[in-house]
Every structure is written in structure tokens, then in C-alpha cells.
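J.: dropping the sequence and predicted coords here.
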Amino acid sequence: MKRLVIEEEKIIHNLEVIGEKSGGAPLIAVLKANAYGLGMLPMADLLRRQGVKRFGVTEPEDAVALRDGGFLDEEILMLRSTAVKEDIEKILSSTATAAIGSYDAAVAVNGMAEEAGMVVDVHVEIDTGMGRYGFEPSELERVLSVFRFMGNLHVTGMFTHFPSAFASPKATRAQYDKLVEMAAKVRQAGFDPGMLHAANSAALFRCDLPSLDGVRIGSAIGGRTTAKGDTGLQKTGRLESQVAEVRWLPVGHGVGYGPAFVTKRPTRIAVIPVGYSDGFMVEKGRDAFRFRDSLRYALGDMAKWLRRKKFYVTVGNRRVRVLGHVGLNHTTVDVTDIDCQPGEIALFDVSPMFVPPSILRVYR
């Protein structure tokens, strides 16, 4: 038995915290990556019951899945610009709001909408420093061309995305200002930029920006954000399994691959069929190796060694230490000092994003 358990009361609490922090700004609930691993459709259902009317996704297939799942009246915003025909077909068929981040995307979406006899709601994306999608702030005339010449595009919003909110409130404020300045120029040209939105979870809880027309939040709904300090959020999403085997190991016996742990006393161990293939002890790989990045990695690893950092899971309401390397499908823990039998429930603190979709999501 393996399942990812999501406590609904924690989600509801987090929505209240987000509402207070944003001053009650309309929420665009971001459901990308299977709602950050928490399950897109059940999460959307819970959010709808709490009054959320706007969802953000990054894949056209997700917009289709939401419509097919009964979310017919909610606004679904695509959060990435695309000029790919297959993507645009799904956006049109699901009546999602398209992101327009380039002249090519504008032409492609406008052309296919015209062929279909549709007028498509769109949000114009501005690249204020992320470097992925969006018009550059210097491309005012190209932005204005969407309003002037794309008759099958109905602009209902304008937005940007913050890459450094977790690290630099100053840089994030500069990006915020670029978005606001672009919107002001659009108004000066006689057009309405629509709903302005920018703040991601880290920006909301770290950067103290003036409110816009909406707040775009994803990971914080599940209680997880890169913002430092006490946010008031509550984490949800714990992996449950059962102890499969309990046995004694003699002194000097290795545990797991390596072995990274060797018993120093007779040790009673429990084996749980959960490993890194289930999302336990999985983290994003290191993908930048500037001097400051490498130094930070080295200092962080040294600090963990000095603290003799250990990892724990919960078995029978008791924290027990993980022994040795976590395997692909198994974790071994020390239960010498507790009463533990096969079938005992084991709880793992995991990031839901790394738990595979094959594991059942249970909302309680």
C-alpha cells in the first residue's frame, strides 16, 4: 500500500493565508505539474469549492483535462506562449485563455482563431528578466500590434514572471516596475491591458510588492515555497506505506548499497517498500556551477557532515532513523527501541512533485 495523503484543511488554511497576504486580490491557482504533485483534478475541485474561479496551467493537455473533468465555467489560463499548431488547437478546443509572448505566437493564434471563426481571450506576456517567454519591454510596437491588427485576439490581461523573488526583492521590484510601465504605455496608446498579474509564491511572501489585479500562486497552496522565514503556511502531502519486514542484524552488519551504514550494536531494522522511485530523498539536480554555486554546494555539504545530519521517517507515531542509502524501492530504518510489526503505517516527508502519478492521491 502506497498513497499520498493531502489534508484538505491545510489547503483551506493556506488559501486564507494567501488571501490575507495578497489583500484579497483575485487568485489564479496554478495547477502545473499535476498541481505540484497534489493531483490536478481533485485539487481543482477543492479550490472551486473554496470559491476559486481561475486556474493556470502550462500544458494545453491540462486545459483539455480540466474541461473534460467538468470545469466548464472557470477561466483556464495557459501560462506559456506557443506558436505550435497542435498546442493552439487544444487551447481553442478547451476555450482556454492563451498566453501571447511573441509576435509569431500572436500571428499563429490569431490565424487559427480566424479559421475557426472564434475570438480568443489572451493575456500578453512580458519578459522582464526570466528569459523564456514574453515580449521584451523594448518591443512596445509589437505588443501594440496585437491590439491594433489581431482582430481574433481579445486581450484580457498582461503578466510577467519573477525568476529571483526567492533571492532578490530589489531585482523583483524592478521587474514589477517594468510590467507596470508597459501596461501604462499600452493605456497611453488607447488600449486596455486588462488584468495585471505577476506575483508567484516567493514574491508574495518575500517581496512585499504593491497589489496588482490578481495574484498567481502555485506551490504555496500546498504549503511549500522558497520564501524564507515563517510564512504561516502548512505543508500537506505525506507519503504513506507499510512496514514489510522486521528483523535483527548482528554487530558489524552492513545495511543497503555501499554499505553506507554498518551496525555498531545488535540492531532491529524495519524494511519499508518506499524508495527514491516513489519520491523519497529525491531533489532537483545541481545544474549551475558558477564559482559561487560550487562554493555554496561545498559549504552546505560540509555543514551537513559537521552536524552529522541524519534522516528520519515516522513509524507508529515515532520518528525512526533511516539507515544507509535509500534504495530505488526500499528504505531501511532502525526500530530497535520501539514496538514495530509488519503492517505498521510508515509516513514519509516528501515533495509531492517527485511522487509519481501512479501513486494514489487521497484527499482527506
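T.: Great, that's in hand.

J.: please, where are all the strands along the stretch 201-350 of the chain?
T.: 215-217, 238-242, 245-249, 254-255, 261-262, 267-272, 312-315, 318-321, 331-334, 345-349 (DSSP state E, counting those that start in this stretch).

J.: which helices and strands sit right next to the second one?
T.: On a contact count with 3 or more Cβ pairs under 8 Å, 6 or more residues apart in numbering; DSSP states H and E, strand 238-242 meets strand 3-6, strand 345-349. Bear in mind the C-beta positions are built from the backbone N, C-alpha and C, glycine included.

J.: nearest to Ile221, of the ones you listed?
T.: Closest to Ile221 of these is strand 3-6 (Cβ to Cβ; 10.6 Å).

J.: gap between the two ends of stretch 230-249?
T.: 42 Å (Cα to Cα, to the nearest Å).

J.: swap in stretch 48-61?
T.: Taking Cα to Cα, stretch 48-61 runs 20 Å from one end to the other.

J.: check stretch 110-125 too.
T.: Length of stretch 110-125, first residue to last, Cα to Cα: 16 Å.

J.: quick one: average confidence on stretch 184-202?
T.: Confidence for stretch 184-202, expressed as mean pLDDT, is 95.

J.: and for stretch 119-129?
T.: Mean predicted lDDT for stretch 119-129 stands at 97.

J.: need the helices and strands packed on strand 238-242 in TSV with mean pLDDT, can you?
T.: As requested, these are exported to TSV (pLDDT from 0 to 100):
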stretch	mean pLDDT
strand 3-6	96
strand 345-349	95
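
J.: between these, which one is closest to Val155.
T.: The stretch from those with the least distance to Val155 (Cβ to Cβ) is strand 3-6; that distance is 35.9 Å.

J.: so which elements touch the closest one?
T.: strand 238-242, strand 360-363.

J.: for stretch 316-329, measure first residue to last.
T.: End-to-end for stretch 316-329, by Cα to Cα: 21 Å.

J.: for stretch 255-270, buried residues please.
T.: Val255, Gly256, Phe261, Thr263, Thr267, Ile269, Ala270 (16 or more other Cβ atoms under 10 Å).

J.: over to stretch 110-117?
T.: Residues Asn110, Met112, Ala113 are the ones in stretch 110-117 that count as buried (16+ other Cβ under 10 Å).

J.: give me the distance between the first one and Leu153.
T.: Spelled out, it's Asn110. 5 Å (Cβ to Cβ, to the nearest Å).

J.: overlap in contacts of those two?
T.: Val120 (Cβ atoms under 8 Å, 6 or more residues apart in numbering).

J.: who are the packing partners of the longest helix along the chain?
T.: For the chain, the helix that runs over the most residues, judged by DSSP state H, is helix 169-188. Contact here means 3+ Cβ pairs under 8 Å, 6+ apart; on that basis helix 169-188 packs against helix 140-149, strand 153-159, strand 195-197.

J.: redo those as TSV? Include distance to Val350 and mean neighbour count.
T.: Below are those laid out as TSV (distance: least, Cβ to Cβ, whole Å; neighbours: other Cβ atoms under 10 Å):
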stretch	distance to Val350	mean neighbour count
helix 140-149	42	16
strand 153-159	31	22
strand 195-197	30	22
